[in-house]
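Engineer: Okay, here's the prediction I keep looking at, along with the sequence it came from:
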Amino acid sequence: MGWRVMGRGDRPIGRVEAVFVDYLLVRTGGLLPVDLYLPVDQISLADERVTVDASAAEAYQRWHRPLRRVAHD
C-alpha cells in the first residue's frame with residue numbers, strides 16, 4: 001500500500017491504507033488525518049498512483065464515511 005491519491009489539479013488527498021473489493025481505504029494527511037472510503041469505480045490507477053476527479057474537500061464530503069451496503073436478493 002502507500003500509493004499516493006491525487007485529486008483534481010494534481011493536488012494530494014492522501015495515501016492508500018488498504019484495498020478492498022469495492023473500495024480503497026485512504027488516510028488523509030495533516031494534523032488530524034481522516035479515513036476516506038473511495039469506491040473503485042471512481043478512481044484511476046497508473047504508476048502506483050491513484051487519481052480521482054475531485055478536490056480534497058469534495059473527496060472528504062463524498063467519501064469520509066464507510067459505503068453502505070445494499071442487501072442482495
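Structural biologist: Cool, got the structure.
Engineer: Using PDB, list the CA coordinates for the longest strand along the chain.
Structural biologist: Longest strand of the chain, by residue count under DSSP state E: strand 12-19. Presented in PDB, the C-alpha positions along strand 12-19 are these (Å, rounded to 0.1, in the frame of the first residue of the first chain):
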ATOM      1  CA  PRO A  12      -2.600  15.400  -2.900                       C
ATOM      2  CA  ILE A  13      -5.500  13.900  -1.000                       C
ATOM      3  CA  GLY A  14      -3.800  11.100   1.000                       C
ATOM      4  CA  ARG A  15      -2.300   7.600   0.800                       C
ATOM      5  CA  VAL A  16      -3.900   4.200   0.300                       C
ATOM      6  CA  GLU A  17      -4.000   2.300   3.600                       C
ATOM      7  CA  ALA A  18      -5.900  -0.800   2.500                       C
ATOM      8  CA  VAL A  19      -7.500  -2.300  -0.600                       C
END
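Engineer: where does that strand sit relative to the chain's centre, distance-wise?
Structural biologist: 6 Å (C-alpha atoms, centre = their mean, to the nearest Å).
Engineer: What is the first helix or strand past it going along the chain packed up against?
Structural biologist: For strand 12-19, the following helix or strand on the C-terminal side (DSSP states H and E) is strand 23-28. The elements that strand 23-28 packs onto, with contact taken as 3 or more C-beta pairs under 8 Å, 6 or more residues apart in numbering; DSSP states H and E, are strand 12-19, strand 35-39, helix 56-63. Just so you know, the C-beta spots here come from the backbone N, C-alpha and C atoms, and that holds for glycine as well.
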